[in-house]
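**Student:** got a sequence here, can you build the structure:
(one chain, ligands or ions: 2)
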Amino acid sequence: MRVLVVGGGGREHAIVRALARSDAKPELLSTPGNAGICAEARCREAGSDVAAIVDAAATEGCDLVVVGPEAPLVEGLVDALEARGVPAFGPSAAAARLEGSKVHAKSLMAEAGVPTAGHAVLRTREEALEHLAHAPYPAVLKADGLAAGKGVIICSTEAEAREAVDAFFVERRFGATEVVLEEYLEGEELSLLALCDGENVLALAPAQDYKRIQDRDRGPNTGGMGSYSPVPGFDADRIEEIIDTVHRPIVELMRRRGTPFHGVLYAGLMLTPGGPKVLEFNCRFGDPETQAVLPRLKTDLLELCLAAREPGGLADARADFADAWAVTVVLASAGYPVSLSKGDVIRGLDRVPGDVEVTHAGTSRDASGAIVTAGGRVLNVTGLGPTPGAARAAAYGAAELIEFEGRQMRTDIAERAVERVAAA
Ligand code: AMP
Ligand code: GLY
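**Tutor:** Ligands and ions are numbered 1, 2, ... in the order given. Below is the predicted model:
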């Protein structure tokens, strides 16, 4: 079996590792990969163009392509691969619109009766200003299209919202896009990812991620500064309840509409006093949730991916997870998330204990072969242990051994889980 993983972040490195554990002993390829992935899989530079990736996969005779990031999914990479006869794991472009358009996602949620924040669609600046005059504050404004996690602006006052409206409609910071005005929800967030085969939904372990750059959720949003799994209080019954109210109605509606969802359906949820409500749907594995979830997966990921391609293929599948806790700490480069630095030498990777999983995100090799920073989020350090405290100590113990210029790291990842488990 030859399997190509598309992408080059920590999520893709975790996917490569999980696939490598498969009984099928697949030969692993990646494009573009990063310094860590390319030490464990054969990397091929195929660029980000859909046609070029399809050519590379077909030339290599791949038996499966696993697509990590959302952009190629929304652009139709899976459709193009399957049309060339290359089996691919992930949703079609039509199904991936669930992430690619927030207006579309809201309309599917309304039709399927899935709980989410109340909203209005704003198509012009005038329409937006009219709505803002009557909206309750805080209010949330979101670009309709993909914005790499940056298209959400939370506004405390009407004045702030009017500024945001100018960023969307005058400055066109996120291109020519419609905007969703959304009710502000309060509570704790939960990421619940599930594998789907167009009909069935198989829950993966719950996770929480940390989006802000600084401790205690201060500073700007990032792609994610850490995660942990599982989440105290979310046993199998509670998870199934959420899957029944959120994932299954959407998957059933998409099947009926002729756009069945195959791949990972990721629900970003706010746990409100009135029950869980959907903040967003993603059509792929989460980053950095995957770095904490997949090391705990005992079931063969390759078998699950192959089964998810077939309509109804997951009917009898199970996804079993180790009892261990996993805590992932992200090491980011200086300036992130505003800017990113490149070329700083990373030291200490060889000192990390063997039972800690370091996955690479923004790394590359310089001319001398040294591993250097090459992006905002640089490395993910995942500690495993019998308690959240042990997993957290393992992650931070190892993270402290890794050094590079301007390294940024949150120090409070999974603190909440440690406290909850201690209190229970
Ligand atoms: P999204 O990309 O839609 O998940 O939004 C990014 C982040 O913005 C979420 O993880 C939340 O922290 C926050 N957010 C999004 N929508 C809302 C909302 N309706 N109420 C409160 N916070 C929100
Ligand atoms: N962890 C957030 C995301 O993957 O979108």
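**Student:** could you give me the buried positions within stretch 393-412?
**Tutor:** Buried residues in stretch 393-412, counted by 16 or more other Cβ atoms under 10 Å: Ala394, Ala395, Tyr396, Ala398, Ala399, Leu401, Ile402, Phe404, Arg407, Gln408, Met409, Arg410. Just so you know, the C-beta spots here come from the backbone N, C-alpha and C atoms, and that holds for glycine as well.
**Student:** what sits against the residue nearest the centre of the chain?
**Tutor:** Centroid check for the chain by Cα atoms, centre = their mean gives Gly286 as the closest residue, at 1.6 Å. Residues near Gly286 by Cβ atoms under 8 Å, 6 or more residues apart in numbering: Arg11, Ser191, Leu193, Ala207, Asp209, Gly224, Ser227, Tyr266.
**Student:** among those residues, which are in reach of ligand 1?
**Tutor:** The subset of the contacts of Gly286 within reach of ligand 1, by Cβ under 6 Å from any ligand atom, is empty.
**Student:** considering those residues, which possesses the most neighbours?
**Tutor:** Ser227 (28 neighbours; other Cβ atoms under 10 Å).
**Student:** any idea how far Leu193 is from it?
**Tutor:** 11 Å (Cβ to Cβ, to the nearest Å).
**Student:** quick check: neighbours shared by those two?
**Tutor:** With Cβ under 8 Å, 6+ apart, Ser227 and Leu193 have common neighbours Ala207, Gly286, Glu289.
**Student:** closest one to ligand 1 out of the residues you listed, please.
**Tutor:** Nearest to ligand 1 among the shared contacts of Ser227 and Leu193 is Gly286, at 10.3 Å by Cβ to the nearest ligand atom.
**Student:** is that closest one in a helix, a strand, or coil?
**Tutor:** What DSSP: H, G, I helix; E, B strand; the rest coil gives for Gly286 is coil.
**Student:** identify, from the buried residues of stretch 393-412, the entry nearest to Ala367.
**Tutor:** Phe404 (17.4 Å; Cβ to Cβ).
**Student:** dump the residue contacts of that closest one.
**Tutor:** Leu331, Ser333, Asp344, Val345, Ile346, Arg347, Thr373, Val378 are the contacts of Phe404 under Cβ under 8 Å, 6+ apart.
**Student:** please apply the same query to Pro276.
**Tutor:** Counted by Cβ under 8 Å, 6+ apart, Pro276 has contacts Pro115, Leu190, Ile242, Thr245, Val246, Leu269, Met270.
**Student:** in the stretch 151-300 of the chain, what residue spans correspond to helices?
**Tutor:** 158-169, 236-242, 248-256, 289-293 (DSSP state H, counting those that start in this stretch).
**Student:** now Arg218: closest residue in space that isn't a chain neighbour?
**Tutor:** Arg212 (6.1 Å; Cβ to Cβ, 6 or more residues apart in numbering).
**Student:** ok, the one you found to ligand 1 distance?
**Tutor:** Counting by Cβ to the nearest ligand atom, to the nearest Å, the gap from Arg212 to ligand 1 is 8 Å.
**Student:** how many residues are close by that residue?
**Tutor:** With other Cβ under 10 Å as criterion, Arg212 counts 16.
**Student:** just checking, what packs against the helix or strand where His13 lies?
**Tutor:** Element membership for His13 (DSSP states H and E) is helix 10-20. If contacts are counted by 3 or more Cβ pairs under 8 Å, 6 or more residues apart in numbering; DSSP states H and E, helix 10-20 sits against strand 2-7, strand 27-32, helix 289-293, helix 301-309, strand 357-360, strand 377-385.
**Student:** thinking again about what came up before, just flag the most distant two among the contacts of Gly286.
**Tutor:** Between any two of the contacts of Gly286 (Cβ to Cβ), the greatest distance is 13.5 Å, for Leu193 and Gly224.
**Student:** now for those two: what residues contact both?
**Tutor:** With Cβ under 8 Å, 6+ apart as the test, Leu193 and Gly224 both reach Gly286, Glu289.
**Student:** quick one: the strands in the stretch 101-250 of the chain?
**Tutor:** Counting by DSSP state E, counting those that start in this stretch, one finds strands in the stretch 101-250 of the chain at the ranges 119-122, 139-143, 152-155, 179-183, 188-197, 201-203, 208-209, 212-214, 218-221, 226-229.
**Student:** can I get the ones you listed in TSV with mean pLDDT?
**Tutor:** TSV is the format used below for the strands of the stretch 101-250 of the chain (pLDDT from 0 to 100):
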stretch	mean pLDDT
strand 119-122	94
strand 139-143	93
strand 152-155	90
strand 179-183	95
strand 188-197	96
strand 201-203	98
strand 208-209	96
strand 212-214	94
strand 218-221	88
strand 226-229	98
